[in-house]
Structures are given as structure tokens and as C-alpha cells.
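**Student:** Sequence first, predicted model second:
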Amino acid sequence: MNNIYREEILSHFEKPRNFSVPAKFTHTSGSYNPACGDNLTAYLTVRDGRVEKINFQGTGCAISIAAASILSDRLAGKKKSEILSLTAKDILDILKLELTPTRLKCALLPIETIQNSLNK
């Protein structure tokens, strides 16, 4: 198994990117992971079928906060359809992690939150 607290994960956990509630957004959703206590809310700005900006707020373990931070950077600018078609494997490839089932829920909470906001 990869070291789940590798440097990039720790960096994104300690100083998460896009960790704020923007003044304006078009889509939002919140999700909770009872197994770990992670609680995230995503705020997206979508124009012409493209996600221009992703912000988030919440509390959680290093994996969920880091995953939200990494995804908020990497998915900005993507088409809504591209984001909605992402699978668990795609997210793990982006994060470059191998996780136990419990930690997998932590890593996938941000994409579930983002996809839920786009489906509203």
C-alpha cells in the first residue's frame, strides 16, 4: 500500500486549496461520512456546461480534505459531463492512492459531493 500520508496529501490537508465559500456559485451540495465523521460542502460555478470553479468547506480526516483540495484544482475547467462520468478508479488514479475500504469512503466523499451538486 502507498503511504497514504505522502507529501502531497499532507500539503493539501495542511493548506487546502479553494477552501472557502465563494460570494457567488451556481451549484452546491453537502455530504457526510459517518464512518470517519467527514463533513463536506462543495460550491461550484458552472457556465455553458463547464465547471469553472470548485470551492469547498468542511471538516474531516487528511484523506477527505486533501482529496477535496486536489479535486477542486484538477476538475476546474472540465465539462460537467466529464465530471459526472468519473468513477472511483478515476479518482484513485488522480489521487495516486491505494486505500482500505474505510479510507476509500474518505477519498470518494469529495467527488460524491461534487457530482451530487451537479445533479441538482
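**Tutor:** Sure thing, it's come through.
**Student:** contact partners of the lengthiest helix in the chain?
**Tutor:** The longest helix of the chain (DSSP state H) is helix 101-119. For helix 101-119, the external contacting residues (C-beta atoms under 8 Å, 6 or more residues apart in numbering) are 4, 27-31, 33, 35-36, 38, 40-44, 46, 51, 54, 56, 60-61, 63-64, 67-68, 71-72, 75, 80, 83-84, 86, 88, 91-92, 95, 97, 99. Quick note: C-beta positions are derived from backbone N, CA and C, even for glycine.
**Student:** can we see that at 6 Å?
**Tutor:** By C-beta atoms under 6 Å, 6 or more residues apart in numbering, the residues outside helix 101-119 that reach it are 27-29, 31, 33, 35-36, 38, 40, 42, 44, 61, 63-64, 67-68, 71, 80, 84, 88, 91, 95, 99.
**Student:** Which of those fall within helices?
**Tutor:** 63-64, 67-68, 71, 80, 84, 88, 91, 95.
**Student:** which one of those residues is nearest residue 18?
**Tutor:** Nearest to residue 18 among these is residue 68, at 8.2 Å by C-beta to C-beta.
**Student:** what about the nearest residue to the closest one once chain neighbours are set aside, how many residues close to it?
**Tutor:** Leaving aside its chain neighbours, residue 68 sits nearest to residue 110 (3.8 Å; criterion: C-beta to C-beta, 6 or more residues apart in numbering). The tally of other residues near residue 110 (other C-beta atoms under 10 Å) stands at 30.
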